[in-house]
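Participant: Here is a sequence with its predicted model. Questions after.
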Amino acid sequence: MDTPIASRSFLLAVTAAASFMLSAVSAGADGPLLLERHQAAGVRCASCHKEEPPHTKPLNGVCVGCHGDQEKLAGLSSKATPNPHAPPHLAPGETQACDDCHHVHRPSEVSCADCHHSFQFDVK
């Protein structure tokens, strides 16, 4: 049976471990992780994970709910060549998986570059 003190101790231990892992990952990143950018904007973990403490990754719809749908994102990145939010591989109305490129707890990457080695993107 969990007591409030035991639960708080567990949460403190998990938080300390997460902070340690975050600082280790952040140290090698080219800029802040998306986790840090979300925290700076006042977005709490439960806002995306819908549970606290988080146990599962958020669904793609959570990202789209705040940042916009595929069409909006393609418009925002329309000056990029090629446009990372307008890939020709999507069927009409289909949405990319945001976490293919954008990672919250580790540095983001360009999944297009797995096949298209000459593509250059600044992933934020």
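Facilitator: Cool, got the structure.
Participant: which residues touch stretch 57-73?
Facilitator: Residues from elsewhere that reach stretch 57-73 (Cβ atoms under 8 Å, 6 or more residues apart in numbering): 48-50, 76, 85, 90, 94-99, 102. All C-beta atoms are positioned from the backbone trio N, CA, C, and that covers glycine.
Participant: What distance do you get for residue 104 to residue 76?
Facilitator: Going from residue 104 to residue 76 by Cβ to Cβ, to the nearest Å gives 19 Å.
Participant: more neighbours, these two?
Facilitator: Neighbour count, other Cβ atoms under 10 Å: between residue 104 and residue 76, residue 104 has more, with 19 against 13.
Participant: any idea how far that one lies from residue 86?
Facilitator: For residue 104, the distance to residue 86 (Cβ to Cβ) stands at 23 Å.
Participant: what's the answer for residue 120, then?
Facilitator: Residue 120 is 16 Å from residue 86, where distance means Cβ to Cβ.
Participant: Neighbour count: the two, which is higher?
Facilitator: residue 86 (16 against 10).
Participant: so what's the more buried one up against?
Facilitator: Residue 86 neighbours (Cβ under 8 Å, 6+ apart): 74, 77-78.
Participant: try 6 Å
Facilitator: For residue 86, the contact set (Cβ atoms under 6 Å, 6 or more residues apart in numbering) comprises residue 74.
Participant: Numbering from 354 from now on, please.
Facilitator: Right, with 354 as the first residue, what we last looked at is residue 439.
Participant: next one: phi and psi at it?
Facilitator: Dihedral angles of residue 439 (phi, psi; degrees, to the nearest 10) stand at phi -130, psi 50.
Participant: Identify each of the helices in the protein and give its residue range.
Facilitator: Using DSSP state H, the helices of the chain run over 357-381, 387-393, 398-402, 413-420, 423-429.
Participant: Quick check: mean pLDDT of the third one?
Facilitator: The average of the pLDDT scores along helix 398-402 is 91.
Participant: Mind listing what's buried along it?
Facilitator: Buried residues in helix 398-402, counted by 16 or more other Cβ atoms under 10 Å: 398, 401-402.
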